[in-house]
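Enquirer: Below is the sequence, then the predicted model.
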Amino acid sequence: MRIDVVTIFPGYLAPLREALLGRAVGTGLLDIAVHDLRDWTHDVHQAVDDAPYGGGPGMVMRPHVWGEALDDVLAADPRPARLVVPTPAGRPFTQAAAHAYAAQERLVFACGRYEGIDQRVVDHYAASMPVDEISIGDYVLVGGEVAVLVVVEAVARLLPGVLGNPRSAAEDSFSDGLLEGPAYTRPEVWRGHAVPEVLRSGNHGAIARWRRDRALERTAERRPDLIAALPPDALDEADRAL
Ligand SMILES: N#Cc1c(-c2ccc3ccn(Cc4cccnc4)c3c2)n[nH]c1N
């Protein structure tokens, strides 16, 4: 997979070169290119923003700079791409979306700043390619770069060969619609807190049942919306007895 990120703060994307993602790039599983939007400005001030039509606070990112940048970035690789634009007004980014993005040959991220990118940029490219305006949560950030770090990590970990243990991605939170339950490791007792005995029993059936029960309890308590969204056949008799 190739990932391109266009931003006025390339340094914000440095973490993409670290750890798991850095290894994925090093082994050729992932090809990441970060581009400075100001490279496509032509004025001495390298201006990328202007006052909003209709008035209002803050500034809006100008369409012509974005158009020149995205035209060049898209033309640099023949693979079909999906343009992803983080915004507080976007559709929620979910684990399902991460799986869908992991199947893409190429993702191009447009990182806005200020009050966002002139809407005509999204409208223009949506006429010729898939474009998603996404949000990583119901809170307001200062720009799109942090959202890109979140999305790229959530997607990259799903790519074959990136995670050391492929079962991790298959069994993590949300894979079965539920939150993961609690996890424990040595020592057996830590500051008077003991590991639940069932986990040390060696009884794999009882362990699986206990883990499922804890996941259901945690999900019902913290994310009842996920319980409500489960398909009718998702809960078996033992689940319902909880
Ligand atoms: N994904 C995502 C986001 C963002 C986000 C993403 C891109 C941009 C570009 C500019 N801003 C600042 C801004 C713009 C408009 C109004 N208010 C603030 C951004 C915020 N905030 N919260 C999220 N979950």
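Expert: Yep, that arrived.
Enquirer: can we go C-alpha only for contacts and neighbour counts from here?
Expert: Fine.
Enquirer: Remind me what whichever helix in the chain runs longest packs against, helices and strands.
Expert: The longest helix of the chain (DSSP state H) is helix 204-222. Packing contacts for helix 204-222, counted by 3 or more C-alpha pairs under 8 Å, 6 or more residues apart in numbering; DSSP states H and E, involve helix 224-228, helix 237-241.
Enquirer: out of those, deepest packed?
Expert: helix 224-228 (a mean of 13; mean count of other C-alpha atoms under 10 Å).
Enquirer: now what about it, what contacts it?
Expert: Here helix 224-228 makes contact (C-alpha atoms under 8 Å, 6 or more residues apart in numbering) with 177-178, 219-220.
Enquirer: any idea of the mean pLDDT for stretch 181-189?
Expert: Averaged across stretch 181-189, pLDDT comes to 98.
Enquirer: Dump that stretch to CSV, keeping only the CA atoms.
Expert: What follows is stretch 181-189 as a C-alpha-only set of coordinates in CSV (Å, rounded to 0.1, in the frame of the first residue of the first chain):
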residue,chain,number,x,y,z
GLY,A,181,-12.2,-7.5,28.5
PRO,A,182,-9.4,-7.1,31.0
ALA,A,183,-5.9,-8.6,30.4
TYR,A,184,-3.4,-9.9,33.0
THR,A,185,0.2,-11.1,33.1
ARG,A,186,2.7,-12.1,35.8
PRO,A,187,3.0,-11.8,38.8
GLU,A,188,0.0,-13.8,40.0
VAL,A,189,-0.5,-11.2,42.9
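Enquirer: Report the central residue of the chain.
Expert: By C-alpha atoms, centre = their mean, the mean C-alpha position of the chain lies nearest to residue 151, the distance being 2.0 Å.
Enquirer: Grab the nearest non-local neighbour of that one.
Expert: Once flanking residues are discounted, residue 151 sits nearest to residue 98: 7.1 Å by C-alpha to C-alpha, 6 or more residues apart in numbering.
Enquirer: Sheet-wise, list the partners of the helix or strand containing residue 84 with their directions.
Expert: In the assignment (DSSP states H and E), residue 84 maps to strand 81-92. Note on strand 81-92: by DSSP bridges, its sheet partners are strand 106-110 (parallel), strand 131-135 (parallel).
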